[in-house]
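J.: just a sequence and a predicted model for now, questions to come.
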Amino acid sequence: MPPILELIGLRKRFGALDALADVSLSVAPGELVFVLGPSGSGKSTMLRCCNLLERPDEGAVVLEGRDIAARGVDLDAARKRIGMVFQAFNLYPHLSALANVTLALRKALRLPRAEAEARGMAALDRVGLADKARNMPGQLSGGQQQRVAIARAMALEPAVMLFDEPTSALDPELVDEVLAVMRELRAAGMTMLVVSHEMRFARAAADRVVFMDRGAVVEQGPPERIFEAPRSERLRAFLSRRA
Ligand SMILES: Nc1ncnc2c1ncn2[C@@H]1O[C@H](COP(=O)(O)OP(=O)(O)OP(=O)(O)O)[C@@H](O)[C@H]1O
């Protein structure tokens with residue numbers, strides 16, 4: 001099957017720093033690719049290049065067969081195909097859980113209110129929060145807020161979902177409920193690119209683990225190979241620091 005998302009030769013500099021040195025990565029439909037690496041290795045920058053929140057200096061971001069990093073591409077249209085979930089949930093505090101989800105549907109997809117609400121309720125139901133639809137974010141736990149953010153991204157029915165440290169802002173006891181929702185999404189066939197430090201999740205749910213260091217993909221493979229038989233010295237050192 002052709003990749004749904006392909007990064008080809010991405011480079012990104014911030015001043016003198018090569019945040020991405022030459023990153024290529026392809027993600028197959030339905031695949032969950034887990035990205036790990038030390039702080040500052042370029043994981044977030046790579047993820048943000050996928051939806052052009054950062055514009056790469058060089059390289060292509062091929063989404064569903066089209067380079068969306070090329071000049072003249074309608075970025076709004078391309079971004080509707082990519083959902084993103086951030087470490088900070090970024091919900092509007094003055095809008096209910098349902099309104100946070102439907103706002104994107106009404107603005108981005110221009111759905112009529114009734115249709116947006118029906119789709120929004122279905123998305124909240126999938127993350128187990130149908131009964132909290134009318135709650136304001138302040139009336140939800142951090143884990144519940146992140147599940148609303150996942151519902152918001154998912155409701156757009158994107159081709160790919162990007163997760164940037166989705167559980168890092170959560171109290172430890174709330175992490176599992178968010179990871180469980182992500183596992184269900186994967187089981188439902190969603191294509192996911194996940195930057196996280198949750199190694200347990202990588203072992204249990206990733207199809208492939210990608211190790212980045214100093215702006216480059218150093219090593220990648222199935223989780224059991226990456227964790228049990230790392231090949232590069234840099235990955236071995238990284239894993240031993242985290243053991
Ligand atoms: N907007 C920016 N301006 C300048 N430097 C930046 C910018 N964004 C990222 N960087 C730098 O680029 C490098 C890669 O950052 P990035 O956030 O992609 O790393 P990361 O692997 O996601 O790190 P972490 O695990 O700490 O989130 C870092 O040295 C960072 O300081």
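T.: In hand now; what should we look at?
J.: going by C-alpha atoms from here, please, whenever you check contacts or count neighbours.
T.: Will do.
J.: who's in contact with Leu239?
T.: Contact analysis of Leu239 by C-alpha atoms under 8 Å, 6 or more residues apart in numbering lists Phe227.
J.: residues in contact with the closest residue to Gly65 other than its chain neighbours?
T.: Among residues not flanking Gly65 along the chain, Ile4 sits closest, at 7.2 Å (C-alpha to C-alpha, 6 or more residues apart in numbering). Contacts here follow C-alpha under 8 Å, 6+ apart; on that basis Ile4 touches Ser26, Val27, Ala28, Pro29, Val62, Leu63, Glu64, Gly65, Ala159, Val160.
J.: near the ligand, which residues of this structure are found?
T.: With C-alpha under 6 Å from any ligand atom as the criterion, the chain meets the ligand at residues Phe14, Ala19, Pro38, Ser39, Gly40, Ser41, Gly42, Lys43, Ser44, Thr45.
J.: those: which two are farthest apart?
T.: Phe14 and Pro38 (18.0 Å; C-alpha to C-alpha).
J.: of these two, who's got more company?
T.: It is Pro38, of Phe14 and Pro38, that has more neighbours when counted by other C-alpha atoms under 10 Å, with 16 against 9.
J.: for the more buried one, grab phi and psi.
T.: Per-residue torsions, Pro38: phi -60, psi 160 (degrees, to the nearest 10).
J.: okay, it: pLDDT?
T.: Pro38 carries a pLDDT value of 96.
J.: my guess is it contacts Phe238, does it?
T.: Yes: counting by C-alpha atoms under 8 Å, Pro38 does reach Phe238; the two are 7.1 Å apart.
J.: those strands in the protein, which residues are they?
T.: For the chain, the strands defined by DSSP state E occupy 5-14, 17-27, 32-36, 58-63, 66-67, 82-85, 160-164, 191-195, 208-213, 216-221.
J.: with distance to Ala122 as added columns, please give these in CSV.
T.: As requested, the strands of the chain are exported to CSV (distance: least, C-alpha to C-alpha, whole Å):
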stretch, distance to Ala122
strand 5-14, 26
strand 17-27, 27
strand 32-36, 23
strand 58-63, 26
strand 66-67, 30
strand 82-85, 17
strand 160-164, 18
strand 191-195, 19
strand 208-213, 29
strand 216-221, 35
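J.: next, count neighbours for Pro242.
T.: Pro isn't right for residue 242; it's Arg. Arg242: 8 surrounding residues under other C-alpha under 10 Å.
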